[in-house]
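J.: below is the sequence, then the predicted model.
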Amino acid sequence: MAANYSQDGLYINDEPQRWRAEEDSEGRWKIFIPSLELQTASIIDGQHRLHAFDKLPQDAAERSMELLCVVFLELPTPYHAYVFATINFNQKKVDRSLAYELFGFDVDERPAKYWSPETLAVYLARLLNTESNSPLVRSIFPAADSEKLFSEDDARQVGQVRISMATVVDGILRLISRNPKEDRNTVRRKENRDLGRESLSPVKSLPLRQLYLEGNDKGIYDLLCNYFGAVKETVWAGAGQGSYLFKTVGVQALFDVLKELLSDRPINANNFSMAGLSELMQSCMDLDPNGEKYQASGIGRSEIRRDLLAALGKKV
């Protein structure tokens, strides 16, 4: 199972709605599920096991049997293909292209023209994590609650910025897609097979949608590198050890601010060069010098976003 994604494919930011891992007093980890009514998880593989219960009477004893599950928290939707493929490759031969196509993450098999917004977002997140010139190199991890699960040695090696893959993928997605699931389905319809991204419509409220539709993936990547490079020189350079500016809520707020900047300023080399952005964000250097100002919650994200925008001279 994969949790913490809405039915339209977007990451769930609302803390009270999210599944999370919690350690009890005896050192055991448990999964906390806030509500059984909210549809915030999906089955990656094994749906037939649940379907077997559909025909049982409501009072059947079998309905209370325990079913072993593996739950991934905040695993980006396209990565579900890796899980599905691994499970089935170990049991019987399944065509790898078919498995990846099912989940929309066939980067190596399909030309970039046909990538859905989700696929591009995952691809860019991987580049940001692996390219040596990226300001986020070796800072993005697939596991949720990475701060809790890292050993001290691991934490020292990866540095101060430690964020989940889901955070970065979702931040990129919100710049190029209003409904990732619908866009994915549209791109992959039979009648759109030759059109790819061109089958999608522009959305004025999404500042990087047009670059995505034009296939200018490098432009999007360079812009992200320039922005987070400027963040590294300003916001992060002035933040104290352990500040939430380095963590999930901080990066979520930084993506929020990027969307504001992209919506307010013409997208060109001058406005979004690293030098231009660094100069713009000099006023954001002293937000949390002691590393104690913010908290890890939706409130923390809102406070960081508000302070960043205020430092940039924008009304909040």
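T.: Thanks, I have it.

J.: where along the stretch 51-200 of the chain do the helices fall?
T.: Ranges of helices in the stretch 51-200 of the chain, per DSSP state H, counting those that start in this stretch, are 80-91, 96-103, 117-130, 146-149, 152-158, 165-176, 180-187.

J.: quick one: buried residues of stretch 37-48?
T.: Buried residues in stretch 37-48, counted by 16 or more other C-beta atoms under 10 Å: 38, 40-41, 44. C-betas here are computed from N, CA, C, even on glycine.

J.: could you find the closest non-adjacent residue to Asn129?
T.: Nearest residue to Asn129, sequence neighbours excluded (C-beta to C-beta, 6 or more residues apart in numbering): Ile140, at 4.0 Å.

J.: ugh, typo on my part, it should be Val83
T.: Leaving out its chain neighbours, the residue that sits closest to Val83 by C-beta to C-beta, 6+ apart is Ile44, at 5.1 Å.

J.: check whether the one you found really touches His80, as I assumed.
T.: Yes: using C-beta atoms under 8 Å, Ile44 is in contact with His80, at 4.8 Å.

J.: give me the common contacts of the two.
T.: Shared contacts of Ile44 and His80 (C-beta atoms under 8 Å, 6 or more residues apart in numbering): Ala2.

J.: residues in contact with stretch 182-196?
T.: Here stretch 182-196 makes contact (C-beta under 8 Å, 6+ apart) with 8-9, 101, 104, 111, 113-118, 177, 197, 199-200.

J.: mean confidence for stretch 126-136?
T.: Averaged over stretch 126-136, pLDDT sits at 92.

J.: in it, what counts as buried?
T.: Under the neighbour-count criterion of 16+ other C-beta under 10 Å, stretch 126-136 has 127-129, 134-136 buried.

J.: now the strands for the protein?
T.: Residue ranges of the strands in the chain, as given by DSSP state E, are 2-3, 20-23, 29-32, 41-42, 72-73, 140-141, 163-164.

J.: gap between the closest residue in space to Ala237 that isn't next to it in sequence and Gly238?
T.: Excluding the flanking residues, the one nearest Ala237 by C-beta to C-beta, 6+ apart is Met285, at 6.4 Å. Using C-beta to C-beta, to the nearest Å, one obtains 4 Å as the distance from Met285 to Gly238.

J.: start and end of stretch 259-270, how far apart?
T.: Stretch 259-270 has an end-to-end distance of 17 Å (C-alpha to C-alpha, to the nearest Å).

J.: where does the protein dip in pLDDT?
T.: Low-confidence segments of the chain (pLDDT under 70): 78, 81-82, 85-86, 89-109, 142-159, 315-316.

J.: try it again with 80
T.: 1, 7-11, 13, 15, 36-38, 47-52, 67, 74-110, 141-160, 315-316 (pLDDT under 80).

J.: now the buried residues of stretch 37-48 in a markdown table, with distance to Gly300?
T.: Shown next, in a markdown table, are the buried residues of stretch 37-48 (distance: C-beta to C-beta, whole Å):
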| residue | distance to Gly300 |
| --- | --- |
| Leu38 | 22 |
| Thr40 | 21 |
| Ala41 | 24 |
| Ile44 | 30 |
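
J.: which one of those is nearest Ser297?
T.: Nearest to Ser297 among these is Thr40, at 17.5 Å by C-beta to C-beta.

J.: in this structure that closest one contacts Leu10, no?
T.: No: counting by C-beta under 8 Å, Thr40 sits too far from Leu10 to count as a contact (11.0 Å).

J.: if we can go back for a sec, out of the buried residues of stretch 37-48, which are inside helices?
T.: Among these, no member is found in helices (DSSP state H).

J.: now, which of those sits nearest Ala253?
T.: Thr40 (22.1 Å).

J.: ok, now how distant is the closest one from Ala275?
T.: Taking C-beta to C-beta, one finds Thr40 at 42 Å from Ala275.

J.: and what of Arg20?
T.: Using C-beta to C-beta, Arg20 is found at 40 Å from Ala275.

J.: in TSV: the buried residues of stretch 126-136, plus distance to Val249.
T.: Below are the buried residues of stretch 126-136 laid out as TSV (distance: C-beta to C-beta, whole Å):
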residue	distance to Val249
Leu127	23
Leu128	18
Asn129	19
Ser134	21
Pro135	18
Leu136	16
